[in-house]
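Visitor: Output the structure for:
(one chain, ligands or ions: 1)
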Amino acid sequence: MGGFPKEGLWLRSRQERSPVSERDQAETDLANRGAQLLGLLTERRGRLAAQIRRALAERREESQMRDAPGSHGWGAAPEGNISLAMVAQQQQQLAQIDTAIQRHQAGTYGRCVGCGDEIPLPRLQALPFAQRCAGCQEEWEAEKR
Ligand SMILES: [Zn+2]
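Guide: Model (predicted):
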């Protein structure tokens, strides 16, 4: 025996233990959940910002090394395109996290911008910057098409 329980298990057992019927408990949970999610957001933001900085620094080094006539650094190599797309994606995610942190400060975080309902905690834990519940997200993406 031994070892630490997997994170997923821990989350699931925590959820089961929080009774929705008790209002005081629910309010405490809401405050806890806010703090917990803000922590998640801040942590993810820091990690992403570091990743972007590192990727951009690597790109700069690479393009300096490849600074030969006829080579145009950015986008010259296929693998370069991939990491460039990744950085763009990370920057987009960083912007989403910033929006989520702003919404947290405004007190609107965790509410679906579509229907106004609370976004379920497991969804926020998986996607801390989600602005919509799963249903509204689906509808929204269907409309975009
Ligand atoms: Zn919704």
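
Visitor: So which residues on this structure come close to the ion?
Guide: 112, 114, 115, 133, 136 (C-beta under 5 Å from the ion). Placement of C-beta: from N, CA and C, glycine included.

Visitor: taking these one by one, which sit in helices?
Guide: Here DSSP state H is the test, and these give residue 136 as lying in helices.

Visitor: Are any of the residues of the chain next to the ion buried, and if so which?
Guide: Neighbour-count burial (16 or more other C-beta atoms under 10 Å) applied to the residues of the chain next to the ion gives 112, 114, 133, 136.

Visitor: which non-adjacent residue is nearest the last one?
Guide: Taking C-beta to C-beta, 6 or more residues apart in numbering, and ignoring the residues beside it in sequence, residue 136 has residue 114 as its nearest neighbour in space, at 3.0 Å.

Visitor: residues in contact with the one you found?
Guide: 132, 133, 135, 136, 137, 139, 140 (C-beta atoms under 8 Å, 6 or more residues apart in numbering).

Visitor: Just the buried ones out of the residues you listed, please.
Guide: 132, 133, 136, 137.

Visitor: got CSV for the residues you listed, with pLDDT too?
Guide: As requested, the buried ones among the contacts of residue 114 are exported to CSV (pLDDT from 0 to 100):
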residue, pLDDT
132, 96
133, 96
136, 97
137, 96
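
Visitor: what's the average pLDDT for the helix or strand harbouring residue 49?
Guide: Of the helices and strands defined by DSSP states H and E, residue 49 is found in helix 23-65. Across helix 23-65, the average pLDDT comes to 87.

Visitor: helix or strand right after that helix?
Guide: Scanning forward in sequence from helix 23-65 by DSSP H and E, the next helix or strand is helix 78-106.

Visitor: Show me what that following helix is packed against.
Guide: Contacts defined by 3 or more C-beta pairs under 8 Å, 6 or more residues apart in numbering; DSSP states H and E place helix 78-106 against helix 23-65.
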